[in-house]
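S.K.: starting from these lines, generate the structure:
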Amino acid sequence: MASETKRLSISVTPEKQEKLDAIANSLDRSPSWLVNQAIDHYLDIYDWQTKNIQERQVIALGKNARFHSSDRVDAAIKKFKA
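M.R.: This is a model prediction of the structure:
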């Protein structure tokens, strides 16, 4: 059973279109397939980033959160560079 799809129109420069077509041809896939793969990857990364940011916010706002001055952070980093 095929999944339902909707049409999305975008505009790209001729250079991007040529690159997309070349990549799609090299993979023996359609440009639509290639763009869908790119969108899937972007959405995965976006979801991962959003989840991690939200988790870090919970930690930062928690009762055991500790914050350090930029001078203290710089000093700690300097130790690793030495």
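S.K.: going forward, measure contacts between C-alpha atoms and count neighbours the same way
M.R.: Noted.
S.K.: where do the strands of the chain begin and end?
M.R.: Remark: no strands are assigned in the chain by DSSP state E.
S.K.: so where is it shaky, pLDDT-wise?
M.R.: Across the chain, residues meeting the criterion (pLDDT under 70) sit at 1-2.
S.K.: most residues in a single helix of this structure, which one?
M.R.: Ranked by number of residues, the top helix in the chain under DSSP state H is helix 31-60.
S.K.: give me the helices and strands touching it, please.
M.R.: helix 14-26 (3 or more C-alpha pairs under 8 Å, 6 or more residues apart in numbering; DSSP states H and E).
S.K.: in the helix it packs on, which residues are buried?
M.R.: 20-21, 24 (16 or more other C-alpha atoms under 10 Å).
S.K.: tilt between it and helix 31-60?
M.R.: Here helix 14-26 runs at an angle of 100 degrees relative to helix 31-60 (axes from the mean of the first three to the mean of the last three C-alpha atoms, to 10 degrees).
S.K.: and helix 14-26, how far out from the chain middle?
M.R.: Centroid separation between helix 14-26 and its chain, computed with C-alpha atoms, centre = their mean, to the nearest Å, is 22 Å.
S.K.: got the contact list for that helix?
M.R.: In this structure, residues lying in contact with helix 14-26 by C-alpha atoms under 8 Å, 6 or more residues apart in numbering are 30-31, 33-34.
S.K.: on that earlier part again, please point out which parts of the longest helix of the chain sit buried.
M.R.: Buried residues in helix 31-60, defined by neighbour count with 16+ other C-alpha under 10 Å: 31, 34.
S.K.: just how off-centre is it within its chain?
M.R.: Here helix 31-60 is found 5 Å from its chain centre; the criterion is C-alpha atoms, centre = their mean.
S.K.: swap in stretch 74-82?
M.R.: With C-alpha atoms, centre = their mean, you get 29 Å for stretch 74-82.
S.K.: output that stretch as CSV - backbone C-alpha positions only.
M.R.: Once non-C-alpha atoms are left out, stretch 74-82 reads as follows in CSV (Å, rounded to 0.1, in the frame of the first residue of the first chain):
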residue,chain,number,x,y,z
ASP,A,74,38.2,30.1,29.6
ALA,A,75,40.8,29.0,32.2
ALA,A,76,39.6,25.4,32.0
ILE,A,77,39.8,25.4,28.2
LYS,A,78,43.3,27.0,28.4
LYS,A,79,44.5,24.0,30.5
PHE,A,80,43.5,21.6,27.7
LYS,A,81,45.3,23.7,25.0
ALA,A,82,48.6,23.7,26.9
